[in-house]
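**Q** sequence first, predicted model second:
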Amino acid sequence: MAQSIDEQALIAAAQRGVLDAFNQLVIHYQKLAYHVAYRILGEADASADATQDAFLRAYKAIGQYRGGSFKAWILRIVTNTCYDQLRLKQRRPTASLEALLVAEPAPGPSFVDQAESPEAYVERQELGRTLQAGINALPPDQRIALTLCDVADMNYQEIAQTTQVSLGTVKSRISRARAKLRDYLLAQQELLPAQYRLRDDA
Amino acid sequence: MVEMTVMLDFLRRRIKSEHAQTQAMLSACVDGELTAREQQRVEAHLAHCDACVEELRTLRYTKELLSKAPMPLLPRSFVVRQADLEERPVMARRRGFGLAYAYLKGATAVIAVAFALLVAGDLIAQLSLGTSGVMMPAMAPAERVYEGEQEVPVESTIVVQKAVKETVVVEKVTGTVEVEGKEIVVTKEGEVQKAVTAVRQALPTASLPPPQVEQQAVESLTLPEDAVGGGAPPPTEVAAAEKAADADATFTPTLFPSATPFPTVQPIEPEKTIAALGIERGSRLWLSPIRVIEIGLGGLALILLAITLIARRQQP
């Protein structure tokens, strides 16, 4: 994902209005964008919509891209789109955080199957669900910061650039978010498959 | 002894604050985001704090779980299609259409109200005047041209500016009186007398209004149908009237006789369109300006209403 010359050329072409060039960038970043959206929103359909919307927004705003990390730029649009969706959801509490926590999140659509045993697959699904429930319990700002750090694999500087806050804010958001998630996982030990438990002695 | 406890307390507090500070830095430590100096301090604290070691382990494990947790497969490709881009302008156009529709509705309402007010006002005015079909005096055309042909072609223009009750007061009289090639142009009230006298002197036989006919003529002016249809009185009558009238009969410009002196009287309408239609004022088909406005406004209101209804059906 390094800023290659190829990527620069694609961006330049996209800025001239070449849709195909932009779509090359989409193909490169769509998986990352979707995963980030999925972790922030915790819902497959909503994440797909947000991702599509974000790429549309990105294409329209590509002229405003002024160098720097394209990954940070595109993920900023993705996180902003997700943020808007979260706010909308808060205004219309059809699927409140409580509901998501109480009712077990619907089984993920089609998780990556890496030729693992059915048991392992089920366990991984279990882990994914519990983790997502824990993330859903976090405030949006912390959720976004932690997702950018652990899912998008960004460093603090990039996260600060993406979310447009100070480095100190990024540090404290991630610290709080991870501690809360850890506490949640500890409290939900029995939900986690044995091999993923934080304390084996429990 | 007292100094000892104070020192211990100080150390304990220092350790405690160091512990809290370290705890705050552990996540950054997991992410490898500590400066060399911070890293040193954390490591120094971890060497004698098992709680922080455990904290670091669980945080590291949380990060690990999160990064290796299964993710859903891409449900579809998020490639941007040309059609996706065209969807928005369509929505924008619809929004624009909605705005245009709102304006259209407003315009229709305004025109309809104006039409209703005009019709109501016209009706009230007609009822209060007690006239039907006949235009209001104030709306009367200002000019009327009479053409006469006899042995002496006489032309005169009568300007009617005011109509009071049944009497038409002629305030200004202008015209051309042609007598055997001699032309006398009348431009002022006072000159009418002169002109008439001149005509009389030039042509003693010329039929000129006798004073007796005056009242009759005035009446005929207010009722144009009579004036038009009535035509001229038989020549004998004119001759009799002529005889009755003395040669020095006074002619009053304020009450100008219209039809009587001339055998053929043809009113020429100033409104060319109406004249072109061959419809005479006063006849049932004749349209006053207010009628024309009413019909135009009504038609406009109907057209707008039709467009609004069609637009409403296409409204998303």
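**A** The structure has been received and is ready for your questions. Numbers count the residues shown, from 1 in each chain, chains lettered A, B, ... in the order given.
**Q** so where's the stretch 51-200 of chain B uncertain?
**A** Of all residues in the stretch 51-200 of chain B, those with pLDDT under 70 make up the ranges B:87-98, B:130-200.
**Q** what does chain A give?
**A** Low-confidence regions of chain A, defined by pLDDT under 70, span residues A:1-5, A:91-116, A:190-191, A:199-202.
**Q** that one: helices as residue ranges?
**A** A:5-15, A:19-41, A:44-61, A:70-91, A:97-102, A:118-136, A:140-150, A:156-163, A:167-187 (DSSP state H).
**Q** deepest-packed of the ones you listed, please.
**A** Greatest average neighbour count among those goes to helix A:140-150 (a mean of 24), per mean count of other Cβ atoms under 10 Å in any protein chain shown. Bear in mind the C-beta positions are built from the backbone N, C-alpha and C, glycine included.
**Q** what's the angle between that helix and helix A:156-163?
**A** Following axes from the mean of the first three to the mean of the last three Cα atoms, to 10 degrees, one obtains 140 degrees for the angle between helix A:140-150 and helix A:156-163.
**Q** list the contacts for the residue positioned nearest the centre of chain A?
**A** Averaging the C-alpha coordinates of chain A gives a centre point, and the residue nearest to it by Cα atoms, centre = their mean is A:Val36 (1.7 Å). Each residue near A:Val36 by Cβ atoms under 8 Å, 6 or more residues apart in numbering or on different chains is listed here: A:Leu75, A:Val78, A:Thr79, A:Cys82, A:Thr147, A:Leu148, A:Val151, A:Ala152.
**Q** how about the residues you listed in JSON lines, adding distance to chain B?
**A** Putting these into JSON lines (distance: Cβ to the nearest Cβ, whole Å) gives the following:
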{"residue": "A:Leu75", "distance to chain B": "14"}
{"residue": "A:Val78", "distance to chain B": "10"}
{"residue": "A:Thr79", "distance to chain B": "16"}
{"residue": "A:Cys82", "distance to chain B": "14"}
{"residue": "A:Thr147", "distance to chain B": "9"}
{"residue": "A:Leu148", "distance to chain B": "11"}
{"residue": "A:Val151", "distance to chain B": "7"}
{"residue": "A:Ala152", "distance to chain B": "10"}
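**Q** wait, A:Gln188 touches A:Thr130, no?
**A** Yes: taking contact to mean Cβ atoms under 8 Å, the distance of 5.7 Å between A:Gln188 and A:Thr130 places them in contact.
**Q** would you mark the buried spots in whichever strand or helix holds B:His19?
**A** According to DSSP states H and E, B:His19 maps onto helix B:2-30. Judged by neighbour count (16 or more other Cβ atoms under 10 Å in any protein chain shown), helix B:2-30 contains these buried residues: B:Glu18, B:Thr22, B:Gln23, B:Met25, B:Leu26, B:Ser27, B:Ala28, B:Cys29, B:Val30.
**Q** just the angle between it and helix A:156-163, please?
**A** Here helix B:2-30 runs at an angle of 70 degrees relative to helix A:156-163 (the same axes, to 10 degrees).
**Q** just checking, next helix/strand downstream of helix B:2-30?
**A** Tracing the chain C-terminally past helix B:2-30 and defining elements by DSSP H and E, one meets helix B:36-46 next.
**Q** tell me the buried residues in that next one?
**A** Residues of helix B:36-46 classed as buried by neighbour count (16+ other Cβ under 10 Å): B:Val42, B:His45, B:Leu46.
**Q** packing partners of that helix?
**A** The elements that helix B:36-46 packs onto, with contact taken as 3 or more Cβ pairs under 8 Å, 6 or more residues apart in numbering or on different chains; DSSP states H and E, are helix B:2-30, helix B:50-68.
**Q** give me the mean pLDDT for the first one.
**A** Averaged across helix B:2-30, pLDDT comes to 82.
**Q** which helices and strands does that helix pack with?
**A** For helix B:2-30, the elements it packs on are helix A:167-187, helix B:36-46, helix B:50-68, judged by 3+ Cβ pairs under 8 Å, 6+ apart.
**Q** in CSV: those helices, plus distance to B:Leu11.
**A** Supplementary listing: those in CSV, determined by distance: least, Cβ to Cβ, whole Å:
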stretch, distance to B:Leu11
helix A:167-187, 26
helix B:36-46, 14
helix B:50-68, 17
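**Q** what's the closest of those helices to A:Ala120?
**A** The closest of those to A:Ala120 is helix B:50-68. By Cβ to Cβ, the value is 12.2 Å.
**Q** buried ones in that closest one?
**A** B:Cys52, B:Glu55, B:Leu56, B:Thr58, B:Leu59, B:Arg60, B:Tyr61, B:Thr62, B:Lys63, B:Leu65, B:Leu66.
**Q** of those, which are in range of chain A?
**A** Filtering the buried residues of helix B:50-68 for neighbours of chain A using Cβ under 8 Å from any Cβ of the partner chain leaves B:Thr58, B:Leu59, B:Tyr61, B:Thr62, B:Lys63, B:Leu65, B:Leu66.
**Q** with adjacent residues omitted, what lies nearest to the third one?
**A** It stands for B:Tyr61. Beyond its immediate neighbours in the sequence, the residue positioned closest to B:Tyr61 (Cβ to Cβ, 6 or more residues apart in numbering or on different chains) is A:Leu198, lying 5.7 Å away.
**Q** perfect, that will be all.
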